[in-house]
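Asks: compute the structure for the input listed below.
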Amino acid sequence: MKKIVIFIKKYSFLLGIALFIIIISTTNIVEIFRCIKNINPFYLLLAALITFPMFLSKSLCWNYIIEKQGIKYDFKNSLLMYWAGVYIGFLTPGKIGEISKALYLKKDGHSMGKSIVGVILDRISDFAFLLIFAVIGSLFFLSSIQKQIIIPLLGILVLFVIFMIFWKAGLLKWIFGKMLSVLLPQKYQKSWNINLQDFINDLKIFKLKDYLIIFIITALSWLFYYLQIYILAKGIGISIPFLYFAIAITVTGFITLIPVSVSGIGTRDAALILLLSPFLIPKEQIIVLSTLMLAMLLFAGLIGLICWLIKPLRVK
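Replies: Predicted structure coming up:
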């Protein structure tokens, strides 16, 4: 049984590739190349430029969090560390790219418990915004068939609310403590208990006003992302209402979190085809849009490489 689980975990990405091959086999390859040839370069350049304010706002959010903790970096260094994490994320499995920001702080003498607060709050803020936007927007704008994919999101939202209640009640500290005592060898428990205490203590610094500011900056960064993808769609010739498009992109993002593909290849294409189906957009155009979305991620990763070269971090 264990070997089967390991096999599935190791080769699950093939499902996404298989799905992409199936989608491509039902499309007109010549039409895909025609769509690529007809891309308006002005829109492509404009979309690429929006990468900069998008990551500037993301870096601003992380910088605000760590400053509240008493960790002082100028914005330039915060930007370099945040963007380098994008590059590291392309080279490493899982979410090491996210953790790299904490590793930068740890290298400068801060405890891991303190360093990880910014990463977690940044992710929670992203997650909360996307869930709220996706669920509320979907109820008003998506068709009855499309709403079926929102049901799992509602379940996740409920779990998120329960998580926050537990957090406020202080129960998570007790739960984490028990987990550490079971999972960690005895010789490591003391250091991790100290890190856990640092983590809990720094979370108490943040007030409702701080969470609201973090949420607003997060919403701004996602607005730039929606605008970037909307401009890419315009460059291909896809024209649909901006709000519906933003909701479709959000739901697609959640679907690509399913670990059955590489960088969302296959799952992103299938989700976009389903969600944009009411507008009778040719599959060929949607596949090109999905490919351009991936290209924007690679572009961000390339800039992350430059940031990493300026401020390198060795990740083991």
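
Asks: so which helix or strand takes in T291?
Replies: helix 283-310 (DSSP states H and E).

Asks: that helix: which residues count as buried?
Replies: 283-293, 296-297, 300-301, 303-305, 307-308 (16 or more other CB atoms under 10 Å). Using the backbone N, CA and C atoms, a C-beta is placed for each residue, glycine as well.

Asks: and if you look at stretch 226-240?
Replies: Under the neighbour-count criterion of 16+ other CB under 10 Å, stretch 226-240 has 226-238 buried.

Asks: turn these into CSV, including secondary structure.
Replies: Listed next are the buried residues of stretch 226-240 as CSV, based on DSSP: H, G, I helix; E, B strand; the rest coil:
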residue, secondary structure
Y226, helix
L227, helix
Q228, helix
I229, helix
Y230, helix
I231, helix
L232, helix
A233, helix
K234, helix
G235, helix
I236, helix
G237, coil
I238, coil
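
Asks: and these, which two are the farthest apart?
Replies: When CB to CB is used, the two most widely separated members of these are Y226 and G237, lying 18.6 Å apart.

Asks: still on that earlier bit, which elements pack onto the helix holding T291?
Replies: Using 3 or more CB pairs under 8 Å, 6 or more residues apart in numbering; DSSP states H and E, the elements in contact with helix 283-310 are helix 13-25, helix 29-37, helix 41-68, helix 75-91, helix 208-236, helix 267-275.

Asks: with just CA atoms, put the last one into PDB.
Replies: Extracted in PDB, the C-alpha atoms of helix 267-275 (Å, rounded to 0.1, in the frame of the first residue of the first chain):
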ATOM      1  CA  THR A 267      -5.800  21.600 -15.300                       C
ATOM      2  CA  ARG A 268      -5.600  25.300 -16.000                       C
ATOM      3  CA  ASP A 269      -6.600  24.800 -19.600                       C
ATOM      4  CA  ALA A 270      -9.500  22.500 -18.700                       C
ATOM      5  CA  ALA A 271     -10.800  24.900 -16.000                       C
ATOM      6  CA  LEU A 272     -10.600  28.000 -18.300                       C
ATOM      7  CA  ILE A 273     -12.400  26.100 -21.100                       C
ATOM      8  CA  LEU A 274     -15.200  25.200 -18.700                       C
ATOM      9  CA  LEU A 275     -15.600  28.600 -17.100                       C
END
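
Asks: okay, angle between that helix and helix 283-310 too, please.
Replies: Interaxial angle of helix 267-275 relative to helix 283-310 (axes from the mean of the first three to the mean of the last three CA atoms, to 10 degrees): 140 degrees.

Asks: give the other helices and strands that helix 267-275 contacts.
Replies: Helix 267-275 packs on helix 13-25, helix 242-255, helix 283-310, going by 3+ CB pairs under 8 Å, 6+ apart.

Asks: same question, the longest one
Replies: Using 3+ CB pairs under 8 Å, 6+ apart as the contact criterion, the elements in contact with helix 208-236 are helix 41-68, helix 112-141, helix 242-255, helix 283-310.

Asks: so for the shortest one, what gets flagged as buried?
Replies: Going back to what we said before, that points to helix 242-255. Buried residues in helix 242-255, defined by neighbour count with 16+ other CB under 10 Å: Y244, F245, A246, I247, A248, I249, T250, V251, T252, G253, F254, I255.

Asks: the longest one now?
Replies: For helix 112-141, burial by neighbour count (16+ other CB under 10 Å) applies to 112-119, 121-122, 124-126, 128-131, 133-135, 137-138, 141.

Asks: now swap in stretch 45-61 and tell me
Replies: For stretch 45-61, by 16+ other CB under 10 Å, it's 46-48, 50-51, 54-61.

Asks: okay, now the unreliable bits of the chain?
Replies: Within the chain, the set of residues satisfying pLDDT under 70 comprises 1-14, 90-97, 138-200, 202, 257-263, 314-316.

Asks: so the nearest residue to K107 once chain neighbours are set aside versus F75, what's the distance?
Replies: Setting aside the residues directly before and after it, K107 is nearest to L313 in space (CB to CB, 6 or more residues apart in numbering), at 7.0 Å. The spacing between L313 and F75, counted by CB to CB, to the nearest Å, is 18 Å.
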